[in-house]
Each structure stands twice: as C-alpha cells, then as structure tokens.
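J.: Need coordinates for the following:
(chains A and B)
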Amino acid sequence: MNSLDRLIKEKIERDLEAKTRRHFIKTCVTGMGGVALGSLFMSCGSFGSNKGNGKIPLSDRDVNPMASLAPPYPAKVKSVIYLHMAGAPSQLEMFDYKPALQKLDGQLTPQSLLEGKKFAFIKGTPKLLGPQAKFKQEGESGNWVSNFLPHFSKVVDEVAFLKAVNTDQFNHGPAQLFMQTGSPRLGRPSIGSWVTYGLGSENQNLPGFVVLTSGGKTPDAGKSIWGSGFLPSVYQGVQCRSKGDPVLYIDDPKGISRNLKQSTIEAINQINKEEFNKYSDPEILTRINQYEMAYRMQTAVPELMNINDEPEHIKEMYGVKPGKESFANNCLLARKLVEDGVRFVQLYDWGWDSHGDSHANAIDLGLRNKCTEIDRPMSALLLDLKQRGLLEETLVVWGGEFGRTPMQENREGQEMAFKGRDHHGDAFTMWMAGGGIKKGASFGVTDEIGYSAIEGKVSVHDVHATILHLLGFNHEQFTFDFQGRPFRLTDVEGHVIKEILA
Amino acid sequence: MEVIQQLLGRLHPIVVHLPIGFIVTGLLLQWFDRKNNEWGKIIAIIFQWGFISAALACISGYLLYIGEGYSFDTVKFHLWLGVATAVFSLLMFLRLVNPSKVDFLKRLPVVLISFSLFFIISITGHLGGNITHGSDYLIEPLPTSIKSFLGIGPENHEIPILDEKNWEDAVLYADLVQPILNTKCVSCHNSKKDRGDLQLHEGQGILNGGENGLVIEANDPENSSLYARLVLPLDHDDHMPPKDKTQLSKDEINIIKIWIANSNSFDKKIGELGLKKELFTAFFQKTNESIYPEIEVASASIDSIEVLKARGLHVEPLSDGNNFLKVSCINSPKFSDNDVRLLSPIFDQTVHLDLGKTEITDEVFELLSQFSNLTVLKLNNTTITGKNIEKLKGLEHLKILNLTHTNFDEEQFSILSSLDQLQTVYMYNTSISKNAKDKIIGTTEYNFGGYELPISATDSIVY
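T.: Residues are numbered from 1 along each chain as shown, chains lettered A, B, ... in the order given. A predicted model of the protein is given here:
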C-alpha cells in the first residue's frame, strides 16, 4: 500500500470515526432541540459574544480576532503595562511610612488587632516590627518613598498612589488570581484577555497581550493568571522569554525556506477552515489565527525582542543585563512592545515574599536587593515612556497581590532567623501612572501602624474598574455571555477610583 | 375610618368633574334657550344636580385637604371658591324653580348668576389643577423665550457649580444643602404641600421640624431624622425620599451629614468650617476632559474607511458612535507622502494621526494642513526635517506633536515655536538640544527628553 492510499484510508476512517452512534444521537437531539436551544448556544463561544452594546462586527472579528476596535467610550490610554511583584512586596518598607510603628517596634501586638484575623503563618501573639527603611517626602507632591528606592523617588511626581488597597485573599495563588482575573478561583479571564478581547491590538504582527517574567520563577498561581478563561483562547497572554529566543522554535528549521513555511501554513489553515465549516468550533478559528500570527511573529518578534540595538544610554538607564532574564530587560521590552502597538504588557517579577525565613526573604536584606532590582528599571520605564510621548497614552500599574503585616512573622510561634512580615491583605499600596492619572496624587490612608485602611479603602475590583475606565470601558457594561449569564471583569462590584484620575 | 376618609378624599379629582359638567351644560342650555325660554325645567334639574355634585366635591375636597397634609394657605382660595360654586348652583336652581317664594331671588337677574358661575368654576378648576400638578405645570411647556417674556423664568433647582478656586467661599447651607433639598425633598415638603407637617424649602421650616418633632439634632447627624432617614435601607418604611422618588447621591447625603455635624450653620462658608476639599470635589465643575475639538463633524463614509482598512491602515472612531477618527500606520511601514492623499475622504474627521515609522518626508506638511481638526500628530521615527512645518499653522486644534527621533532641523525650530496652539511637543532624540529652550516663546511645553538616572553607589550594593 503506498503512502497516498494510506492517507486516503486514514481520511475515510477519520470521517467514519466522526460519525459514531453517539454522534448520530447528538445530531438528532441538536436537530430537534436546536431551535429551543439556539439561544443557549449563543452564550457559548464567540458567536454569542457582545461588548456591552453587542456591536462587534462578527465576521471581521472571526476572521481577525485581534483587529483593533474602538472603545465604547473615549479612552485616556490605549495600552497598559502592568508590573506585578509576585510574592507581595512590603508596603511598609517602600511607600507607606509609619513612624508610630517604629516606636512600637518589638512590642507585643494587642489582642484587639488579632481577633478574628487570619494569617498565613503568624501564630499566637507576634511582635510589631518597625519600618526597616528610612523614609523621605519626595518631589513636589511630597509623597513618601523609602531609601530602598532612591531612583524611584525622583519620578514620584509622575505616579498616583493607592495606599489602602484591600483584598480578601491571603495566599499567593488565589490572591494573584484575584488581582489578575477578578476572582480568586480558576476559570476567569485575566485583565489583559478582557482588554484584548474588547479592543484587539494595533500591531498585527505581534500578540496583543504579552507576558514577561523575571525573578527566577513564574507566579505561584501559574499560567492561569494570564489565561483567557471563558473568552476565546486567542485572547490569552503570550509569554515571551526574556533570555535566549523570546519564543521557542521561532527560527525556521534548517533547510526550510520561508516560502515553504508559508505554503505549509496555508495548507494547514485550508484544512482547518474546512474543519471549521464542518463543526463551527470557534477554537478552530483561534488555531488558524495562531498559525498566521506565529508566521508573522517569526520576523517581527526577534527584531522587537532584541534589546541589544538600543542605544547605550537607554540600556544604562534601565540597567539591562543582556542575555540574562531580568526585570530591567523586561521593562525595556515593555516599552518597545507598547511603542509598537501591543495592547497589554504584563510583567511578573518573582521573589517578593519577605517572610524572614531566609536571607533572600529578609525584610531588611533580600527585600532591599529586590527593590534595587526594580528601582532603576521601573523609574527608567516611566521616564522613557515620557520622553517618547508614550506615557500620556499608556497606563502603568504597579502592585503585588497583597501587602504585608506590621507584625514580625513568628512562624510556628518561634522567633525567626531574619526579620520578615506575613501576608496581609487589609491595606497595601499600589501605584498607577500615565494617561488620565492625576500626577502626584495619593489616595487612601492606613492607620498609625499601617494595619487597616481608615480612609479611601479600595478593592481589587475598584482597581480593575479604573483600568477599564481609562481604556474607554464602562466596567458594568463590558460583558461576555457565558453559561447563560453575562460576566464582567469586576463581576458585580467595583467603582472607578475617581480620586486618582486627572 | 381614616381609610375611608382618605379614599373619599382621593376621589376628589374625579368627583370635581361632575359639577363642572353639569354647570357648563346648564350654562350652554341657557345660552341656546335665551330667546325661546322653553327649557326652564330641564335647566333647573341640571343645576340641581350641579349643586348636589358640587356639594359632594366640596366634601371630598375637604377630606383630601385633611388627609394629604396640604397647608390651608395653599388650598384656601380653591376651597372657598368651591363652596361658592355649590352656593351659586343652589341659588340658580332656586331662582329657576320657584322665584316667587323668596323675594330677593326674584330681584336677582339670572344672567348675573350665570356669569358668576362661569367665572367661579373656571378659576376654581384652575386653582385645583395648580394644587395637584404645581403652579408652573401649565406654563412649563412654553418655550423659554415666551416664559422669560412673561417674567416666569425656570426655577433654579440646580446645585451651584463649585470649582478649584471658589469652593472655600461657598456657603455650606445656601450653596449646597438647600439646593440639594430643593432638588430631592422640597417637592413634598414645602409651604403648599407639607407632608408630615415638614417644610424644607427654607431654613425656618427645617428648624421647625415636622409632626414627629425636630428633624435636626445639632452636631448629631445620627440622631437627626433629616439625615438618619436618608441612610435607612431603601425598603424601610421610614426611608426618605420614598422608594419610588429620586434618591440622594452618596455625596449629597454626606453633605447633609456634614452640615448637621457642623452645628447646621446657615451662614458659614466651607472655608470657615475648615472642611476637606475631597468632600466637595463631586460638586466641582467638570472641565472639558477631552483634548479633541468640541465640534460636530459629519461621519465619514463607511466605504472610504473600508478602503483604507483594506490597505492595512487603522481607522477607528475615537469611541463607539463618535465621528472623529484615529488613524494609525503602525502596520504600514511603507506609507509615504502620496498615500496621505488616500485619506482625503476623512480629512475633517481625523483628529489623531500616527505616521510614526513610515516613509513620509517634509512634503507631507502640505497635505497635513488639510486635516482641519487634527489634534494629535505623530511624525516620530521618520526622516522629516521640519521644512514646510509652517503649513501646520492653520491647524487650530493641533495640540500634541511628536517629533521624536527625526532629523528635525534647528533652523526650523523658530517656526515650530511660533505654532502657539500647540500644548506639547516631543523632541527627544533630535538634533535640537535643550539649549533651544531659550528660543521658546509662548506656553507650549517642549519635552526634549534625554532623562538620566545617574549611577548611584547603592545601585551595586548587595545586602
């Protein structure tokens, strides 16, 4: 039997496999119940999708799901760079200055503060731990920045602080999911997926939602935090490596010419299109698009992800480490991506979990090193965006998944080798900068020891509502129908934080 | 009993139409019968029923007045004239039936009673309508020009607009509290209609309180029903305003609270009370947030947009339903001067044009001068030198110009700086040095970039 016969035989067999008894029954059921079920099926996949006003041009979107779309309302920014410090940085050593906590250093925590609270590791009665950094008011705004961030203190007037962000999660995985998808449980689309679903992306040779990680590990919650949830999977984040090839196997194999590659992809896509005509599964369209995107990315990405061609002074400003995986490289890449019309760039930097269980996790040692690692790059990112006129159309968000306790961690009730703080979600600091943000603002106040919010408490949903607002969405109208009900990034909550808007 | 009383009272608006019908019919018949005098008996019966129904209307009207908390001042004319209607109908009936019995009736001319009835019933009806619908109900639909001619301008219920400068000078009560009450409370608590015996249209009324006593406990908002009822759950019986009425916003409720908490002063300014600005920012005037022109343009034809999109250009509205367009050549690096001509169908609509990283040259300025509403223009990463840039002078809406990474020529800088409509010009990575700052006239902000973060000793310390 020659190979052609085998192919034909295989095709016939595959076609027959597709028509099992189950398939027959299924076809009958859908055939009869189809009319009644029609509306239900509308909520599955992109056919039932709508964008608040339900006006997505269906065909255009199916053929090109990343086509750039106008926002429902006038937007302040067109792209977002989200800097997530995985592990939860200590607000008390960076931005939230609490002199009273210094005075109480070493004292036992009053019971009234501990009652009804859950901690990840703290047991019994911990001692309070004064700030391990020195603080100064910086810039014209006079916002407090610690000496862990000497460079950032020079750009502090560009950003607006949220000093009392609140989350109800105190473990990394759920808290990261909550921060990035609006729900602490799996299955919901991430912010970047929502945004690219709603707005597409300008550069058709690059993914609309790029993820870059640094710090040696990826976030605890795994890839779900840049997943697309129930949105078509074309909107999930594309993780690029910042060391070596940005995308694995991006080069053509030896001996394969560009033309051959092109005709291969065309043939594959032709088959896929026939499959789509047969089964109407939107995921097939996603696959077709991924093939095409991958082909275009082969030329665009290596060029874009090459930071070596940047001028020396820029590389110095960011403090890049060519050939290595670093937050600095990722910040520079983030600027390049946004400059080239990528909609959403998500950076994760791992290693912020300052429990005090090791040198690297000591609040006065390891944390300080982590601060040094991000201080220059994130400050340079703001300045570089600014001088290119990009800061006014980009939103930069900085934060972790929660904050840290004013108490010193006493794991298992024992004194620990290094100074550290436990997970704490009641009140922590985030900042935003860029278009539509009130420069130098600071919203929210925590109590004297930085334990709870006493004014301007905002939730994770509020942060999401604000991000969507700046991109031109009303977070209450931006929905996707799934399993019979419209879903939102902010679910049933969230208020735009007007206090930090210009 | 009270239920029946209220129910009968509320039938008043229906019952009143009976005497009106009878009396008008009677008057009409009298008019037609003025020569022949044949229908006397019928007319008398009609006025008899006019009297009976008018009396019923008076009773129901009185019950309504008792039951619904109208003040006597509001209803008195309507009430007396209603009674007068009944009395005159009775007079007419008696006059027509048996004038001989009562002497003075004979001397009363029928015509006089007819005209009196006609006027009384018209005025009574009108006043009644005013009580139900409000005195401005009838004239409300008139055009403003006619209203102002008649000297009846629209009532000012708007909350005065504060701004960054004047907010401390605003009087808390007069400029915020009372206007809030006016918009949300006064329609039921005023001198005409004082539900719960409470009048909120002026200071004295607020201090007087209502049937349950005072509504303000100075400095104690939680125990002041004026505030406490606002924050009760919406379903609570005592919640105010009633569930189906427009509710106060969070910020408005907060203002009422602050006012009570600060001794409900009637004349103190916000500044004198030392209150925080954040409490009032919700009432600040919204400045025009958009940088784009505040004018209307016709929408561009879909076909011409499709043509441009097919060539790989991004052409999108600023937002859904907005006619202004944002155009970007980010996917068309080969875009050149001549291609700009393709945009001619959308010259007026384009407010944001990104020609960065394309092959355009200085020739482009000639064409750009036709984008009459252009607000943001990006020419970064191109080979332009700024020659012909004076063509942009006519673009009165141009606010942001990005020239970073171009060959912009120092000689053109003086022309550029004469474009004083510009707000921000990005000049990073051009031959123009920061020294050119001296030549800048006007208020345009020039960003020459070149930011540095000097190396510091702490950069390399590892703890």
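J.: Name the residues of the stretch 301-450 of chain A found near chain B, please.
T.: By the criterion of C-beta under 8 Å from any C-beta of the partner chain, the positions of the stretch 301-450 of chain A lying close to chain B are A:313, A:316-317, A:319, A:340-341, A:364-366, A:368-369, A:372, A:376, A:379-380, A:383-384, A:386-389, A:392. For every residue, glycine as well, the C-beta is placed using N, CA and C.
J.: ok, 6 Å please
T.: Contact residues (C-beta under 6 Å from any C-beta of the partner chain) of the stretch 301-450 of chain A with chain B: A:Met317, A:Gly341, A:Leu365, A:Arg368, A:Asn369, A:Arg376, A:Ser379, A:Ala380, A:Leu383, A:Gln387, A:Arg388, A:Gly389.
J.: Looking at those, spot the one nearest chain B.
T.: For those, the residue nearest chain B by C-beta to the nearest C-beta is A:Gln387; the value is 2.8 Å.
J.: What separation is there between that closest one and A:Arg376?
T.: 16 Å (C-beta to C-beta, to the nearest Å).
J.: Settle it for me: which of these two has more neighbours?
T.: Set side by side, A:Gln387 and A:Arg376 give different neighbour counts by other C-beta atoms under 10 Å in any protein chain shown, the larger being at A:Arg376 (25 against 19).
J.: In space, what's closest to the more buried one - neighbours in sequence excluded?
T.: A:Gly319 (4.4 Å; C-beta to C-beta, 6 or more residues apart in numbering or on different chains).
J.: Tell me, how many residues neighbour the one you found?
T.: 24.
J.: So it sits against A:Ala328, correct?
T.: Yes: with contacts defined as C-beta atoms under 6 Å, A:Gly319 counts as touching A:Ala328 at a distance of 4.6 Å.
J.: Buried residues, the helix or strand B:Ile255 falls within. List them.
T.: Under DSSP states H and E, the secondary-structure element containing B:Ile255 is helix B:250-261. Neighbour counts over helix B:250-261 (16 or more other C-beta atoms under 10 Å in any protein chain shown) mark B:Glu252, B:Ile253, B:Asn254, B:Ile255, B:Ile256, B:Lys257, B:Ile258, B:Trp259, B:Ile260, B:Ala261 as buried.
J.: now do stretch B:20-34
T.: B:Ile20, B:Phe22, B:Ile23, B:Val24, B:Thr25, B:Gly26, B:Leu27, B:Leu29, B:Gln30.
J.: Same question for stretch A:112-126.
T.: Counting neighbours by 16+ other C-beta under 10 Å, the buried set in stretch A:112-126 is A:Leu113, A:Phe119, A:Ala120, A:Phe121, A:Ile122, A:Pro126.
J.: Domain parsing of the chain, as residue ranges.
T.: Answering for chain A, as no chain was given. According to automatic domain parsing, chain A comprises the domains A:3-41, A:46-246+A:305-500.
J.: Not quite, go with chain B.
T.: In the assignment given by automatic domain parsing, the structural domains of chain B cover B:2-141, B:167-283, B:302-447.
J.: nearest to chain A, of those domains?
T.: Evaluated over the domains of chain B, closeness to chain A peaks at domain B:302-447, with 3.9 Å, by C-beta to the nearest C-beta.
J.: now check the closest one, is it near chain A?
T.: Yes: judged by C-beta under 6 Å from any C-beta, domain B:302-447 comes into contact with chain A at B:His314, B:Glu316, B:Pro317, B:Leu318, B:Ser319, B:Asp320, B:Ile330, B:Asn331, B:Asn402, B:Thr404, B:Tyr426, B:Tyr428.
J.: Wait, the fifth one touches A:Pro71, no?
T.: So that's B:Ser319. Yes: under the contact definition of C-beta under 6 Å, B:Ser319 touches A:Pro71, with a separation of 5.3 Å.
J.: follow-up on the earlier one: can you list contacts of whichever helix or strand comes after the helix holding B:Ile255?
T.: Stepping forward along the backbone from helix B:250-261, the first helix or strand reached (DSSP H and E) is helix B:270-273. Outside of helix B:270-273, the residues that reach it under the criterion C-beta atoms under 6 Å, 6 or more residues apart in numbering or on different chains are B:Glu168, B:Ala170, B:Leu172, B:Asn262.
J.: sorry, back to before: export the domains of chain B as a markdown table, with columns for distance to A:His469 and mean pLDDT.
T.: Converted to a markdown table, these look like this (distance: least, C-beta to C-beta, whole Å; pLDDT from 0 to 100):
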| stretch | distance to A:His469 | mean pLDDT |
| --- | --- | --- |
| domain B:2-141 | 37 | 87 |
| domain B:167-283 | 16 | 84 |
| domain B:302-447 | 13 | 90 |
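J.: closest one to A:Glu275 among those?
T.: With distances scored as C-beta to C-beta, the stretch of the domains of chain B nearest to A:Glu275 is domain B:302-447 (27.2 Å).
J.: roughly how far is that closest one from the heart of the chain?
T.: 38 Å (C-alpha atoms, centre = their mean, to the nearest Å).
J.: longest single helix anywhere in chain B?
T.: In chain B, assigned by DSSP state H, the helix with the most residues is helix B:40-68.
J.: residue contacts, A:Ala328?
T.: Taking C-beta under 6 Å, 6+ apart as the contact definition, A:Ala328 lies against A:Tyr318, A:Gly319, A:Val320, A:Pro377.
J.: give me every residue that touches the third one.
T.: The neighbourhood of A:Val320, defined by C-beta under 6 Å, 6+ apart, consists of A:Ile307, A:Ala328, A:Asn329, A:Leu332.
J.: same question, the last one
T.: Taking C-beta under 6 Å, 6+ apart, we find A:Pro377 in contact with A:Tyr318, A:Phe327, A:Ala328, A:Cys331.
J.: A strand includes B:Phe88, no?
T.: No: with DSSP: H, G, I helix; E, B strand; the rest coil as the criterion, B:Phe88 is located in helix rather than a strand.
J.: Please, which helix or strand holds the nearest residue in space to it that is not next to it in sequence?
T.: Spatial nearest neighbour of B:Phe88, excluding adjacent residues (C-beta to C-beta, 6+ apart): B:Leu117 at 4.9 Å. Counting by DSSP H and E, the element that carries B:Leu117 is helix B:110-133.
J.: roughly how far out does that helix sit from the chain middle?
T.: Mean C-alpha position of helix B:110-133 versus that of the full chain (C-alpha atoms, centre = their mean) differs by 36 Å.
J.: tell me what that helix is packed against?
T.: In this structure, helix B:110-133 makes packing contacts with helix B:17-32, helix B:72-97, judged by 3 or more C-beta pairs under 6 Å, 6 or more residues apart in numbering or on different chains; DSSP states H and E.
J.: Return the residues in contact with residue 229.
T.: Since no chain was named, I'll use chain A. A:Gly187, A:Arg188, A:Pro189.
J.: Correction: the question concerned chain B.
T.: Residues in contact with B:Arg229, defined by C-beta under 6 Å, 6+ apart, are B:Asp238, B:Met240.
J.: Try it again at 8 Å.
T.: For B:Arg229, the set of contacting residues under the criterion of C-beta atoms under 8 Å, 6 or more residues apart in numbering or on different chains consists of B:Asp238, B:His239, B:Met240.
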